[in-house]
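>>> Need coordinates for the following:
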Amino acid sequence: MDSRTDVLVIGGGATGTGIARDLARRGVDVTLVERDGLSAGTSGRSHGLLHSGARYAEADGPEARACLEENRILRRIGGACIRETGGLFVHLTGDDPAYFEAKRDACAEVGIPTEVVDGETARETVPGLADDVDRAMRVPDGVLVPSRLVAANAADARDHGARILTRAPVTSMTVDSGRVASVALGGDVDDTVRPEFVVNATGPHAGRVGDMAGVSVQMRPTRGVMVSVAHDGLEPVLNRCREPDDGDIVVPHDGEVVLGTTSVAVDDPDDYERADWEVEETVRECASMLPPVADAERVRTWWGVRPLYEPDEAARGGRGISRGFHLLDHADEGVANCCSIVGGKLTTYRRMAEATADLVCDRLGVDVECSTADERLPGASEPARLDEFVRQFDGQGPTDADLVGR
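Residues are numbered from 1 along each chain as shown. Next up is the predicted model:
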């Protein structure tokens, strides 16, 4: 069977579903395909931080500002996809005081609101916080519930006419006269799609999908471990105020906290080592901020793979540098109706989707503005409805397995 669509979006994470939502709301005929359930990849295997931009403020002011803007948008449109927690950047005895000052100054320049508190005040705010916390800086971080966020974007896209196909892996593409002419789907769908335009939003798999279209998408994926442990009563996200390193973030859930993370290059985003040392290192380092997690019950452990773009990583020098997104127009390589969106972070998924949809609409001659920053996601005020969307799209990821469906 052959199907036709204006735009085929490949990839069912936050960026892919965000693109489908954006395009569908502009009246474009969209089909989204995902090889597994939604959120099966990077989006659903993250630590779930809603960035304030403070993590990147001194390294990349424009990207930090983008995080802050998207943070505020997601708080408006996301409802129960967001948890309002706040965040603390924690400075321990022995950490470089100059780094703390540089981050505070950079946050002020970007416009990120901060408040510095002494160690005693921080410990009153966070029971169990380490005795050697000298000071801390409050920032407007939060927590994302990615399974709900992705499913709600997909539901809104569907409500505006998009087709959302899960268990539909791309098996091959045919390129003819400088255009993707057809895309074969396997799995539960077993169909051939003939699109006017193709968007590759497959995260760390973008290189493989690009190969099918005969275009180059150079990826440098890295794995990172997350460990969820039993710990009740943590309110703000805890960030270690030092150069980014293993085990420098603690993300609060209701009766658990998620400890993260590591950064190790992988050759294959589907087949990579899950090393015990990563788990132990992450727990040990996070316990330097919050000692009770060292001996807490380990509830679940998972790894995620970051969709890093090789030329950007090579130019910037790797870990610790802010990771913006890259929209690759493959018309430059002779395939006129194909683009790839890579890099970025969960917090900026909507902005990534808007940039991609703008490019696609320009190519299709669609003159309609983006509305995704202004329209609340469906079910935003109804957690049970959001969780029903997750079930409909088989969208449960490990990041928020303790929060969804309760």
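
>>> wait, R298 sits on V227?
Yes - look at R298 against V227 with Cβ atoms under 8 Å: they come within range, at 6.1 Å. Placement of C-beta: from N, CA and C, glycine included.

>>> which one is R135 nearest to, not counting chain neighbours?
With Cβ to Cβ, 6 or more residues apart in numbering as the criterion, R135 has its nearest non-adjacent residue at 5.1 Å, and that residue is H91.

>>> quick one on the thing from earlier: neighbour count winner among R298 and V227?
More neighbours surround V227 than the other of R298 and V227, with 25 against 14 (other Cβ atoms under 10 Å).

>>> For P378, which three-state class applies?
Reducing the assignment to helix, strand or coil with DSSP: H, G, I helix; E, B strand; the rest coil, the entry for P378 is coil.

>>> so who does it touch?
With contacts defined as Cβ atoms under 8 Å, 6 or more residues apart in numbering, the neighbours of P378 are 152, 155-156, 159, 385, 389.

>>> which SS class is M289?
Local secondary structure at M289 is given as coil here, using three-state DSSP.

>>> now swap in V305 and tell me
Of the three states, V305 takes strand according to three-state DSSP.

>>> Please apply the same query to A136.
Three-state call for A136 (three-state DSSP): strand.

>>> Tell me how many other residues crowd the closest residue in space to it that isn't next to it in sequence.
Spatial nearest neighbour of A136, excluding adjacent residues (Cβ to Cβ, 6+ apart): A122 at 4.1 Å. Residues within reach of A122, counting by other Cβ under 10 Å, total 23.

>>> Then A336?
Count around A336 with other Cβ under 10 Å applied: 15.

>>> now swap in V150 and tell me
Counted with other Cβ under 10 Å, the neighbours of V150 add up to 33.

>>> out of the contacts of P378, which is most surrounded?
When neighbours are taken as other Cβ under 10 Å, the top entry among those is A152 (29 neighbours).

>>> So which residue of this structure lies furthest out from the middle?
Using Cα atoms, centre = their mean, the residue of the chain lying farthest from its centre is S177. It sits 35.1 Å away.

>>> Let me see the backbone angles for that one.
Torsion angles at S177 (phi, psi; degrees, to the nearest 10) stand at phi 50, psi 40.

>>> Then the one 3 residues further on?
The main-chain torsion angles of V180 are listed as degrees, to the nearest 10 and equal phi -70, psi 120.

>>> Enumerate every residue touching it.
Listed by Cβ under 8 Å, 6+ apart, the contact partners of V180 are 173-174, 195, 198, 213, 335, 337-338.

>>> Out of the residues you listed, which end up buried?
Neighbour counting with 16 or more other Cβ atoms under 10 Å marks 173, 195, 198, 213, 335, 337-338 as buried within the contacts of V180.

>>> which of those residues lies closest to S43?
Taking Cβ to Cβ as the measure, S43 sits nearest to V198 out of those, at 20.2 Å.

>>> overlap in contacts of R298 and V227?
V283.

>>> ok, back up a step: of the buried ones among the contacts of V180, which pair is most distant in space?
By the measure Cβ to Cβ, P195 and V335 form the most distant pair in the buried ones among the contacts of V180, at 12.2 Å.

>>> tally of neighbours for A384?
10.

>>> which helices and strands does whichever helix or strand it is part of pack with?
Mapping A384 onto the secondary structure by DSSP states H and E places it in helix 383-392. Using 3 or more Cβ pairs under 8 Å, 6 or more residues apart in numbering; DSSP states H and E as the contact criterion, the neighbours of helix 383-392 among helices and strands are helix 146-159.

>>> distance between the helix it packs on and the chain's centre?
On the basis of Cα atoms, centre = their mean, to the nearest Å, helix 146-159 is displaced by 14 Å from the centre of the chain it belongs to.

>>> Can you list the strands that the next helix-or-strand element following it pairs with?
Along the chain past helix 146-159, the next helix or strand (assigned with DSSP H and E) turns out to be strand 163-165. Partner strands for strand 163-165, per DSSP bridges, with pairing direction: strand 30-33 (parallel).

>>> Output the partner strand as CSV - backbone C-alpha positions only.
Written as CSV, here are the backbone C-alpha positions of strand 30-33 (Å, rounded to 0.1, in the frame of the first residue of the first chain):
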residue,chain,number,x,y,z
VAL,A,30,1.9,15.4,8.4
THR,A,31,2.8,11.8,9.1
LEU,A,32,5.1,11.0,12.0
VAL,A,33,6.8,7.6,12.2
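
>>> List the buried residues of it.
The neighbour-count check on strand 30-33 (16+ other Cβ under 10 Å) flags 30-33 as buried.

>>> What ranges does the stretch 201-350 of the chain have for its strands?
Under the criterion DSSP state E, counting those that start in this stretch, strands of the stretch 201-350 of the chain are mapped to 222-230, 237-240, 249-252, 256-260, 264-265, 298-306, 325-329, 338-343.

>>> Save those as TSV, and put in mean pLDDT and distance to T15 too.
Shown next, in TSV, are the strands of the stretch 201-350 of the chain (pLDDT from 0 to 100; distance: least, Cβ to Cβ, whole Å):
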stretch	mean pLDDT	distance to T15
strand 222-230	97	18
strand 237-240	98	22
strand 249-252	98	21
strand 256-260	97	20
strand 264-265	96	22
strand 298-306	97	13
strand 325-329	96	8
strand 338-343	97	6
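
>>> State the distance from the most centrally placed residue in the chain to G203.
The residue lying closest to the centre of the chain (Cα atoms, centre = their mean) is L346, at 2.2 Å. As for L346, its distance to G203 is 11 Å (criterion: Cβ to Cβ, to the nearest Å).

>>> what is in contact with the two at once?
The overlap between the contact sets of L346 and G203 (Cβ under 8 Å, 6+ apart) consists of S43.

>>> May I have the phi/psi pair for the residue lying closest to V143 once chain neighbours are set aside?
Excluding the flanking residues, the one nearest V143 by Cβ to Cβ, 6+ apart is R83, at 4.0 Å. The phi and psi values for R83, taken as degrees, to the nearest 10, are phi -120, psi 120.

>>> check contacts around R83.
Residues in contact with R83, defined by Cβ under 8 Å, 6+ apart, are 50, 142-145, 252.
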